[in-house]
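**Student:** Give me a 3D structure for the following:
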Amino acid sequence: MRMTVADVMTAKVVSVTAATPFKDIAQALITGGISAVPVVDDDQHVIGMVSEADLLRKEEFREEFYREGYRPPLRARLRHPKGRQKAAGDTAADLMTSPAITISPEASAVSAARLMDAHDVKRLAVVDYNGRLQGIVSRRDLVKLFLRADEEIAAEIRDDILDRALWVDTDGVQVEVHQGVVTLSGWMDRRTETGIAVRMSGRVNGVVDVVDKLTWKQDDSAWEAK
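**Tutor:** Take a look at the predicted model:
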């Protein structure tokens, strides 16, 4: 089963507009128990994202706590080049990171994880083909994939991979799953078939690792190399 963003995202999303004041944004974060809010226009198009870190720039750059003329270290300035500008902001339009990093609800959960890693963000705005807000997907949402029950994972491997996807004899294969770790044991006809079974099992949502204890009747790996 290919898990999509729609399967794991949060659909009921707290959002703000470009004109939303600083304190109202802070209240929305606290009340909602969230770490960021998307900024939308009148048609629900996502135009940016405001996070707790954006709000905290105001404290980070507040000079009353430092000597006059204080400048944050170079590393901090390079990491957050617009930090001082955001510190002076009073509305979402001033504070937000724009454009927001977005993803389609039909995209795979794996694609969401890769996009977060590529842009070093903790969440993505989920938008339809017109760019309108549909939800939010966070790192925490993706981590939930690993909470799938062992029985559910084992059933998917048996039914979808061994019985359907692999057009070979898999009657000799046993599947055990404990804490997300899959153990494949037993036998298959060819060595290359065991490798395919292991790789495909590792792609199942919720799998932490695959332990390969499979044997084979015929070592055809040399043929494949040729």
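
**Student:** which is the next helix or strand following the helix or strand that residue 201 is a member of?
**Tutor:** Applying DSSP states H and E as the criterion places residue 201 in helix 191-202. Per DSSP H and E, helix 191-202 leads on to strand 209-218 as the next helix or strand towards the C-terminus.

**Student:** show me where this structure has strands.
**Tutor:** For the chain, the strands defined by DSSP state E cover 16-17, 36-40, 46-51, 102-103, 123-127, 133-138, 173-178, 181-190, 209-218.

**Student:** Among those, which comes closest to residue 94?
**Tutor:** Comparing the strands of the chain against residue 94 with CB to CB, the closest turns out to be strand 46-51 (9.5 Å). (C-beta placed from N, C-alpha, C; glycine too.)

**Student:** what angle sits between that closest one and strand 133-138?
**Tutor:** Counting by axes from the mean of the first three to the mean of the last three CA atoms, to 10 degrees, strand 46-51 lies at 30 degrees to strand 133-138.

**Student:** buried set for strand 46-51?
**Tutor:** The neighbour-count check on strand 46-51 (16 or more other CB atoms under 10 Å) flags 46, 47, 48, 49, 50, 51 as buried.

**Student:** That one to strand 36-40, inter-axis angle?
**Tutor:** Going by the same axes, to 10 degrees, strand 46-51 makes 160 degrees with strand 36-40.

**Student:** Tell me which other helices or strands strand 46-51 touches.
**Tutor:** strand 36-40, helix 92-95, strand 123-127 (3 or more CB pairs under 8 Å, 6 or more residues apart in numbering; DSSP states H and E).

**Student:** Does anything pack onto the helix holding residue 201? Which helices or strands?
**Tutor:** With contacts taken as 3+ CB pairs under 8 Å, 6+ apart, helix 191-202 sits against strand 181-190, strand 209-218, helix 221-225.
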